[in-house]
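Chemist: Give me coordinates for this.
(one chain, ligands or ions: 1)
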Amino acid sequence: MNEASEPPAVRYRRVVPPGRSWSGLVARGETLRIVDLIGEQAVDALLYAAADTAERYDAQLTVLAQASTVVTRGTRLYSNRGRVMMTVAADTLGAHDTLVGCCSAEGNTVRFGEQARHLHSCRDNFLIELGMHGMSKCDIVPNLNFFMPVPLEEDGRLAIVGGAQQPGHFVDLLAAIDVLCVLSNCPQINNPCNGFDPTPIEVTITSAAGTLAHNI
Ligand SMILES: [Zn+2]
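Modeler: So this is what the prediction gives:
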């Protein structure tokens, strides 16, 4: 696999502990890098236009635009207003999901049984982060799942499988507009995409020449 090379002009760096959340502004022309530090760690993501958070990531338009269910290098991530918000500029893994949504009390109960209902979830993490930006559960939409391949079979079946076992896989998201990015470092211990043992991730933002860096 490729090692995570150091991007130039990193203006922000943060390690997100296992199971925790993160949000930050990525200005137009900047690149958000998400690194799976240990391996087998899913990262759920939501995107909002910084200028008007009523404009947000749209999974259906993204799938429609590229006629593929796989998110990978070159995928343009569309908003509900039909604008490109970010483009996947680099991807060492090769396949990420935007079909199956985030883990939640309800979803965990369906997948893993009643005993999983009250486990901390990505939906809980999204609510924590969205609350910091004046948003609520009404603002949660179908999301992106990085480092979580969901193979789609010829007969239409799909499965959530384990992610990359090697450490250091990363995706680079180049912002086409100013974007508020909200991440959940998935806390679900029953999910093979987390190797049944959630681990830390790293987030960096690379400043682009000529753009004004936002405070986070
Ligand atoms: Zn999750």
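Chemist: pLDDT wise, what is the residue lying closest to Arg76 once chain neighbours are set aside at?
Modeler: Leaving aside its chain neighbours, Arg76 sits nearest to Val84 (4.6 Å; criterion: CB to CB, 6 or more residues apart in numbering). For glycine as for every other residue, the C-beta is placed from the backbone atoms N, C-alpha and C. Val84 carries a pLDDT value of 98.
Chemist: do you know how far Val84 is from the ion?
Modeler: Between Val84 and the ion the distance, using CB to the ion, to the nearest Å, works out to 26 Å.
Chemist: by contact count, what packs against the lowest-mean-pLDDT helix or strand in the chain?
Modeler: Within the chain, no helix or strand scores below helix 105-112, which has a mean of 89 by mean pLDDT, DSSP states H and E. With contacts defined as 3 or more CB pairs under 8 Å, 6 or more residues apart in numbering; DSSP states H and E, helix 105-112 has no helix or strand neighbours.
Chemist: Go through it and flag the buried ones.
Modeler: Gly107, Asn108, Phe112 (16 or more other CB atoms under 10 Å).
Chemist: Same check on stretch 63-74?
Modeler: Val63, Gln66, Thr69, Val70, Val71, Thr72.
Chemist: For the helix or strand the first one falls within, which helices and strands make contact with it?
Modeler: Using DSSP states H and E, Val63 falls within helix 59-66. On a contact count with 3+ CB pairs under 8 Å, 6+ apart, helix 59-66 meets strand 76-78.
Chemist: strand partners of the helix or strand just after the strand it packs on, parallel vs antiparallel please.
Modeler: Toward the C-terminus, strand 76-78 is succeeded by strand 84-91 as the next helix or strand (DSSP H and E). For strand 84-91, the paired strands and their directions (DSSP bridges) read strand 76-78 (antiparallel), strand 169-175 (antiparallel).
Chemist: Mind putting the ones you listed into TSV with mean pLDDT and mean neighbour count?
Modeler: As requested, the strands paired with strand 84-91 are arranged in TSV below (pLDDT from 0 to 100; neighbours: other CB atoms under 10 Å):
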stretch	mean pLDDT	mean neighbour count
strand 76-78	98	22
strand 169-175	97	24
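Chemist: so the residue nearest the centre of the chain is in which element?
Modeler: For the chain, Ala45 is the residue whose C-alpha lies nearest the centre (CA atoms, centre = their mean; 2.9 Å). Taking DSSP H and E as the criterion, Ala45 maps to strand 43-49.
Chemist: relative to strand 169-175, how tilted is that strand?
Modeler: 10 degrees (axes from the mean of the first three to the mean of the last three CA atoms, to 10 degrees).
Chemist: what residues does strand 43-49 touch?
Modeler: 34, 36, 55-57, 77, 79, 83, 85-86, 102-103, 122, 125-126, 130, 133, 135, 139-141, 143-148, 177-186, 201 (CB atoms under 8 Å, 6 or more residues apart in numbering).
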